[in-house]
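1. A predicted structure for the sequence below; I have some questions about it.
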Amino acid sequence: MERKIQIEAEQVSFSYEKSRPVIQNMSFQIREGEAVGLIGANGIGKSTILKMMTGLLEHEGTLRMFGLDVCREHLPEIRKRTGYVFQDSDSQLFMPTVYDDLAFAPRNYGMNREEVEQRVEKALSRTGIEHLKHRQNYKMSGGEKRMACIATILTMEPEVILMDEPSIALDPYNRRLLIRTLNEMKETKIIASHDLDMVLD
């Protein structure tokens, strides 16, 4: 049985300045469960592609997520089904503790206390950071923050996970932990990175 197309781009272009296009006539399809690496040097447009997928940047051409055009009308549904791990962990962790950050999105979607607890525990287990549940965010290392960011998006059980330079500034132990965690995740993954070895692993 052929897997469903989850992300589709047809002749997509984007420019920060009209005379300097960042993305030109880009077309691709990504199917359910695939792991895709966006490889390239800094400033080449990897983060731009991820931001277009979630409607943070407007584009020219046709871009669809889950069969829905990426436009203002469909953004609530697209964002509900998509997890985005930012390059800067401190931009994503804004509550006092890891638990508060993980519980934030499920609570905002009106889930009851029991459902919130179940999702938090499951996300902590999947990322191997149960011991950080009540840790204050400012007391964590860069690697711990990165895993906590991944856990925050897993609480919403997204179908597609977008990651922007997930291995940046990680020590060897946390880099291996990240790779193992990503390999265990069955969701569709798009990983933007200049770390070719990490993407290959």
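-> Thanks, I have it. Residues are numbered from 1 along each chain as shown.
2. So, low pLDDT: which residues of this protein?
-> Counting by pLDDT under 70, the chain contains no low-confidence segment.
3. Do you have the helices of it handy? List them.
-> Applying DSSP state H to the chain gives helices spanning 46-53, 75-80, 98-108, 113-127, 142-154, 172-184, 196-200.
4. what packs against the third one?
-> Using 3 or more C-beta pairs under 8 Å, 6 or more residues apart in numbering; DSSP states H and E as the contact test, the elements touching helix 98-108 are helix 113-127, helix 142-154. All C-beta atoms are positioned from the backbone trio N, CA, C, and that covers glycine.
5. To Arg79, which of the ones you listed lies closest?
-> Among these, helix 142-154 comes nearest to Arg79, with 10.9 Å by C-beta to C-beta.
6. could you say what helices and strands that closest one packs with?
-> strand 82-85, helix 98-108, helix 113-127, helix 172-184.
7. ok, and what's touching it?
-> 83-86, 89-90, 92-93, 98, 101-102, 104-105, 122-124, 126-129, 132, 135, 137, 140, 161, 163, 166, 169-171, 173-175, 177-178, 181 (C-beta atoms under 8 Å, 6 or more residues apart in numbering).
8. buried subset of these?
-> Among the contacts of helix 142-154, those classed as buried by neighbour count (16 or more other C-beta atoms under 10 Å) are 83-86, 89, 92-93, 98, 101-102, 104-105, 123-124, 126-127, 129, 132, 135, 137, 140, 161, 163, 166, 170, 174-175, 177-178, 181.
9. just to revisit the earlier point, any chance of JSON lines for the helices of the chain, columns distance to Gln24?
-> Listed next are the helices of the chain as JSON lines, based on distance: least, C-beta to C-beta, whole Å:
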{"stretch": "helix 46-53", "distance to Gln24": "12"}
{"stretch": "helix 75-80", "distance to Gln24": "24"}
{"stretch": "helix 98-108", "distance to Gln24": "35"}
{"stretch": "helix 113-127", "distance to Gln24": "37"}
{"stretch": "helix 142-154", "distance to Gln24": "30"}
{"stretch": "helix 172-184", "distance to Gln24": "29"}
{"stretch": "helix 196-200", "distance to Gln24": "23"}
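10. of those helices, which approaches Gln11 most closely?
-> Across those, closest to Gln11 is helix 46-53 (C-beta to C-beta), at 13.0 Å.
11. tell me what that closest one is packed against?
-> strand 5-17, strand 20-31, strand 35-39, strand 60-65, strand 160-164, strand 188-193.
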